[in-house]
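# Show me the folded form of this:
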Amino acid sequence: MMLLQDQQVVIIGASSGMGLATAKAAAEAGAKVTLAARKQDRLERAAIGIGQGSQAIVADISDEQAIKSLFAQVGSVDHLVTTAADLTFALIEQLSSDDAQRIVTSKILGPFYAVKHAVPRLSRTGSITFFSGFSAWKPVPNTALIAAVDGALAAFCRSLAIELAPIRVNVMAPGVVETPMWQGVPEEQRKAFLIPFYFKYATDSKRYQLKVTCYVWRC
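Model (predicted):
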């Protein structure tokens, strides 16, 4: 029997990047995967690409009512993963209030909404996995607020692990992973940020999928 045979896995932020890689790994392990994200076209393409009975539900992690509706549609849940993030990389004096609100909402309030509405439906033998980021522990320019929310998400995880036991609660802090998220960053800015860290922290998709499988469901 496969590792996640017939278990219900909900992944918020699953239309691309690390969320999509996680969804593929879960489906290959036998899970029934629900992909959630805010962009319908990308989400539907992702679900079709995965196949194996996966379903796509449009839901913006920053919208509590949308997240509540997501779990009402899914029903029972064995594992929850949140990778969704709306980030702006910039010097602190260049960040607008709107930028700051999106960062905080997507990385702190969003996971809170997800856990709040998933827990009543979550198996007691299940798990919750958040995605933080390396900037909370290895700070670099243009990430001050991102580092703050990544650190806060890790603290949220530690408290939830005690509050929700025996449900397993973990947080991952990947290194630099080139995903479609970077497509929205101007090329020169992207190179300036990525190149100094690429050889030390960069992770290719195959290695990443192995890391997710081992860490999230075999810990």
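
# Near the closest residue to V58 other than its chain neighbours, how many other residues are there?
With sequence-adjacent residues excluded and distances taken as C-beta to C-beta, 6 or more residues apart in numbering, V58 is closest to Q40, at 4.9 Å. In short, each C-beta sits where N, CA and C put it, glycine included. For Q40, the tally of surrounding residues (other C-beta atoms under 10 Å) stands at 12.

# now swap in F134 and tell me
Around F134 there are 18 other residues, counting by other C-beta under 10 Å.

# May I see the buried residues of the longest strand along the chain?
Of all the elements of type strand in the chain, the one with the most residues (DSSP state E) is strand 122-131. Along strand 122-131, these residues count as buried under the neighbour rule (16 or more other C-beta atoms under 10 Å): 122, 126-131.

# Mind putting the residues you listed into TSV with pLDDT and distance to V81?
Written out in TSV, the entries for the buried residues of strand 122-131 read as follows (pLDDT from 0 to 100; distance: C-beta to C-beta, whole Å):
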residue	pLDDT	distance to V81
L122	97	12
G126	95	11
S127	96	9
I128	97	8
T129	96	5
F130	96	8
F131	91	8
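
# so which of these would you say is closest to D98?
F131 (22.7 Å; C-beta to C-beta).

# That closest one - nearest residue in space that isn't next to it in sequence?
In space, F131 comes closest to T83 once its chain neighbours are excluded; the distance is 4.6 Å by C-beta to C-beta, 6+ apart.

# The spatially closest residue to L122 that is not a sequence neighbour: neighbouring residues, count only.
Using C-beta to C-beta, 6+ apart and skipping residues adjacent in sequence, the residue nearest L122 is V77, 5.0 Å away. V77 has 21 neighbours, counted by other C-beta under 10 Å.

# and V77, what does it touch?
With contacts defined as C-beta atoms under 8 Å, 6 or more residues apart in numbering, V77 is in contact with 8-10, 71, 118, 121-123, 126.

# Just the pLDDT for it.
pLDDT for V77: 97.

# Phi and psi next, for it.
The phi and psi torsions at V77 (degrees, to the nearest 10) take the values phi -130, psi 140.

# Ok, the one 10 residues further on next?
The phi and psi torsions at L87 (degrees, to the nearest 10) take the values phi -110, psi 150.
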